[in-house]
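Trainee: Any chance you could fold what I've pasted below:
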Amino acid sequence: MDREIARIRGLLGRGQFGEAAAAVNSVIDADPSNRDLLYMLAVAQRYLQEIPAALATLARLEAYHPLYPRLFQERGHCHAAQRQPGPAIAAFERAVQLNPALPASWAALQMLYRATGRPDQERNAADQAARLAQMPQPVVTGYSMYADGEIFQAEQMIRQFLRTNPYHAEGMRLLAKIGIDLDVLDDAEVLLEAVLKMVPNHHVARYEYAIALLKQHKHSRAQQEIDRILASEPNNAACRSLSPAICLGLGEADRAISMYQELLRESPDNADLRLSLGHAYKTRGSQREAVDAYRRAAAVRPQFGEAYWSLANLKTYRFTDEELARMRSAEAAPTIQRADRFHLCFALGKALEDRSDYAQSFVYYERGNALRKQQSGYRAEEIERNTRDQSALCTAEFFAARQGYGCASAAPIFIVGLPRAGSTLIEQILASHSEVEGTMELAEIPRLAGALRGRQYVESQAEPRYPAILADLPAAEFTRFGEQYLADSSVYRTGRPQFIDKNPNNFRHVGLMHLMLPNARIIDARREPMACCFSNFKQLFAAGQQFTYSLEDIGRYYRTYVELMEHWDRVLPGKVLRVQHEDVLDDLEGSVRRILEFCKLDFEPACVEFHKTERRIHTASSEQVRRPINREGVDQWRHYEPWLGPLEAALAGHTAPRGDPLEL
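Mentor: Numbers count the residues shown, from 1 in each chain. The predicted structure follows:
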């Protein structure tokens, strides 16, 4: 089909419109929703002066791909050919709203505005057309590809352009936008910083910069950038909507809720705002209000997959028969957007699991993961190489030669491991202690590791500098790293002597953490491999954790994690306390005492009654840890055992050790 599409595109380019239309009609029955085929057929029909047929084809295209910018541009051309300026203007305006990098639409709008006596709009269209005309063609094409959803093709094109034009502001901005979408956030941040140095008043770039900061949990800095925009554009809707999300990240859930409520009074039919309000309620622990907000979001936008997934992700919500039917219908609709579809797939997987329909549940979990993986650039080889590099460099002799390095503070308690391994339960136990503060999954350690690794803005064969660079850094640098970590994390603290950082991915950086904070406590939250891995497979993460969207990838990642933790046990004996989730469930008080002893904390009964602690919780287990200890979910994976062969093969019989090598 790809070859046939390329051939038809060539026919259009040579002006052979009849042949192109015939070629499309000969193959479209094999793929009636194919975006490119329908679009090319409409173009051919317009040039053949078959305008009604072209408009009918565009209606079909819109049914399958309602957000495709070029269909609206083509519709505008059709209406212009029929001398219908009103519908033509509406179509072209929708096209540039979806994709501002369409020169033909801006040029057409300029002429149509002039013909209909709209001088202000004419000048704006002329300015936009002139801006695109001054922009290199690869950048314009890259933006169009990005708007059309062809993100990897856009990345390839813009990287090639930046090899010879490394300081082109709009090119850098496009690569940053792609980086944000692909979770390459540190690169996106640096690119946008450079853009703003060149063009300080570029408010769109500044807003995107704030998003990159927010996604890295740099909440205070993100708010500073938003405030700069609002100072000159106080009614900027995008910035006003981002501010409460930043407040939520800073732990100010009540303030975020008030801000969302104010915005909803102005825009009561905004489904995204209702979804965000639900997230704020969930973080605060107001489940009933969260459910109401999510259900209202789904009512406003019936195919809003994320609203249904948010209900499922409460873990305690049970869908009605009517809701289940609506979800099935929406997921099967040919017009549904990809993101809505994979969110619905995960929600349906959970809904059917709750009804013990495990075969159909797995169908949806598998489908949702496959759709999500298509948007992922995850490569297991990079993680495995980094693990080998860590083990080769960070030997017992390496650490012995650096004894005394780092900041002396014993305030941090790191909880590492895989997601869905019981880390939120351990965090809730510790945060119930009067001397310990729960924060969130802080991004400071991965961000530091990323800075040490070095950034590659273009494709390069250069080896990453991290972890090898650790051997070259002087003692003073590690002290500075530790002090900076404490300063950066202070915004999430209120003054208790110790605090928790439960970013699970920090297991990859235990060596760095030891060098910069040698007195910090590190707890490895471990769970039975099959249970842990399958729990990750059925969890749709808001960001990151891209290894979770394939059973094979999850199995390989788990093995890598265990191998690296075993290495840290050998070279830093006693540094890490391993807490097996199943042991906590079997002996809660004994496990609590063991954890507190490791952290040099006195026993407090509140730690055993952790579910009574009222605090903000940001992770997927938020509702589960607000209930007393239970074994619910321990062996749920066994219901899916007939379909988990690839995971068992990837784990290759690997088992998690019970207990902990540390003697207390």
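
Trainee: Would you quantify the distance from residue 274 to residue 104?
Mentor: Distance of residue 274 to residue 104, computed by CB to CB, to the nearest Å: 37 Å. In short, each C-beta sits where N, CA and C put it, glycine included.

Trainee: The two: which is more packed in?
Mentor: Using other CB atoms under 10 Å as the criterion, residue 274 and residue 104 rank with residue 274 on top: 25 against 16.

Trainee: Neighbours of residue 32, how many?
Mentor: So residue 32, with other CB under 10 Å, has 11 neighbours.

Trainee: Shouldn't it be within a strand?
Mentor: No - read with DSSP: H, G, I helix; E, B strand; the rest coil, residue 32 is coil and lies in no strand.

Trainee: if I look at it, how far off is residue 63?
Mentor: Per CB to CB, residue 32 is found 10 Å from residue 63.

Trainee: Could you tell me how many residues sit around residue 19?
Mentor: Counted with other CB under 10 Å, the neighbours of residue 19 add up to 15.

Trainee: Residue 25 versus that one, what's the distance?
Mentor: Distance, residue 19 to residue 25, using CB to CB: 11 Å.

Trainee: can you give me the strands in the stretch 351-500 of the chain?
Mentor: Secondary structure of the stretch 351-500 of the chain (DSSP state E, counting those that start in this stretch): strands located at 412-417, 436-440, 498-501.

Trainee: cool, the stretch 551-664 of the chain as well?
Mentor: Along the stretch 551-664 of the chain, counting by DSSP E, counting those that start in this stretch, strands occupy 576-580.

Trainee: quick one: low-confidence parts of it?
Mentor: Within the stretch 551-664 of the chain, the segments meeting pLDDT under 70 span 613-634, 653-664.

Trainee: Spatially central residue for this structure, please.
Mentor: Centroid-nearest residue in the chain: residue 543, 2.5 Å away (criterion: CA atoms, centre = their mean).

Trainee: tally of neighbours for the residue nearest to residue 535 when sequence neighbours are not counted?
Mentor: Excluding the flanking residues, the one nearest residue 535 by CB to CB, 6 or more residues apart in numbering is residue 420, at 3.9 Å. Under the neighbour criterion other CB under 10 Å, residue 420 is assigned a count of 27.

Trainee: And residue 420, its phi and psi?
Mentor: Residue 420 adopts backbone torsions of phi 70, psi 30, taken as degrees, to the nearest 10.

Trainee: any idea how far residue 447 is from residue 206?
Mentor: 20 Å.

Trainee: err, residue 77, not the other one
Mentor: Per CB to CB, residue 77 is found 35 Å from residue 206.

Trainee: More neighbours: those two, which one.
Mentor: The neighbour comparison of residue 77 against residue 206 (other CB under 10 Å) goes to residue 77, with 23 against 19.

Trainee: thought that one was touching residue 107?
Mentor: No - Residue 77 is not in contact with residue 107 according to CB atoms under 8 Å; the separation is 11.2 Å.

Trainee: What residues does residue 558 make contact with?
Mentor: Each residue near residue 558 by CB atoms under 8 Å, 6 or more residues apart in numbering is listed here: 418, 529, 532, 533, 650, 651, 654.

Trainee: and if we set it to 10 Å?
Mentor: By CB atoms under 10 Å, 6 or more residues apart in numbering, residue 558 lies in contact with 418, 421, 527, 529-530, 532-533, 536, 547, 647, 650-651, 654, 656.

Trainee: Adding distance to residue 579 and neighbour count, write those out as CSV.
Mentor: CSV is the format used below for the contacts of residue 558 (distance: CB to CB, whole Å; neighbours: other CB atoms under 10 Å):
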residue, distance to residue 579, neighbour count
418, 13, 27
421, 9, 29
527, 10, 23
529, 16, 25
530, 19, 22
532, 13, 24
533, 18, 27
536, 18, 22
547, 22, 25
647, 23, 23
650, 24, 22
651, 21, 21
654, 19, 14
656, 11, 21
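
Trainee: ok, those residues vs residue 348, which is closest?
Mentor: Ranked by distance to residue 348 (CB to CB), the contacts of residue 558 are led by residue 536 at 18.1 Å.

Trainee: For that closest one, which three-state class applies?
Mentor: Three-state assignment for residue 536 (three-state DSSP): helix.

Trainee: Not counting its neighbours along the chain, what's nearest it?
Mentor: For residue 536, the spatially nearest residue (CB to CB, 6+ apart) is residue 548, at 4.3 Å.

Trainee: give me every residue that touches the one you found.
Mentor: By CB under 10 Å, 6+ apart, the residues touching residue 548 are 369, 372-373, 376, 378, 418-420, 533, 535-541, 554, 557.

Trainee: okay, how far is it across stretch 280-294, tip to tip?
Mentor: From its first residue to its last, stretch 280-294 covers 11 Å (CA to CA, to the nearest Å).

Trainee: What is the burial count for residue 69?
Mentor: Here the count is done by other CB under 10 Å, and residue 69 has 22 residues near it.

Trainee: Look up how far residue 349 lies from it.
Mentor: Residue 69 sits 32 Å away from residue 349, going by CB to CB.

Trainee: tell me what the helix or strand hosting residue 121 is packed against?
Mentor: In the assignment (DSSP states H and E), residue 121 maps to helix 119-134. Judged by 3 or more CB pairs under 10 Å, 6 or more residues apart in numbering; DSSP states H and E, helix 119-134 is in contact with helix 85-98, helix 103-115, helix 137-147, helix 169-181.

Trainee: so who does the nearest residue to residue 494 once chain neighbours are set aside touch?
Mentor: Counting by CB to CB, 6+ apart, residue 494 lies nearest to residue 437, which is 6.4 Å off, once chain neighbours are set aside. Listed by CB under 10 Å, 6+ apart, the contact partners of residue 437 are 411, 413, 430-431, 492-500, 615.

Trainee: and if we set it to 6 Å?
Mentor: Going by CB atoms under 6 Å, 6 or more residues apart in numbering, residue 437 touches 493, 496, 499.

Trainee: For the closest residue to the last one other than its chain neighbours, give me the pLDDT.
Mentor: Same thing as residue 499. Excluding the flanking residues, the one nearest residue 499 by CB to CB, 6+ apart is residue 437, at 4.3 Å. If you check residue 437, the pLDDT there is 92.

Trainee: heads up, I number from 49, so please use that
Mentor: Got it, the first residue is 49 from now on, which makes the last one we talked about residue 485.

Trainee: I'd like the distance between residue 485 and residue 476.
Mentor: Plainly put, residue 485 is 12 Å away from residue 476 if you go by CB to CB.

Trainee: what's the burial count for residue 641?
Mentor: Counted with other CB under 10 Å, the neighbours of residue 641 add up to 15.

Trainee: Excluding residues flanking it in the chain, which one is nearest it?
Mentor: Leaving aside its sequence neighbours, residue 641 sits nearest to residue 651 (CB to CB, 6+ apart; 5.8 Å).

Trainee: Which phi and psi values does the one you found adopt?
Mentor: Phi and psi for residue 651, reported as degrees, to the nearest 10, are phi -70, psi 140.

Trainee: To what extent is it buried, counted in neighbours?
Mentor: Residue 651: 13 neighbours (other CB under 10 Å).

Trainee: What residues sit buried inside stretch 550-570?
Mentor: Across stretch 550-570, burial judged by 16 or more other CB atoms under 10 Å covers 550-566, 568-570.

Trainee: Assign a three-state SS to residue 572, would you?
Mentor: Here residue 572 is recorded as strand under three-state DSSP.

Trainee: Any idea how many residues pack against it?
Mentor: Per other CB under 10 Å, the neighbour tally for residue 572 reads 27.

Trainee: Looking at strand pairing, list the partners for it.
Mentor: residue 464, residue 626 (DSSP bridges).

Trainee: On the pLDDT front, check it for me.
Mentor: On pLDDT, residue 572 comes in at 96.

Trainee: No further questions, thank you.
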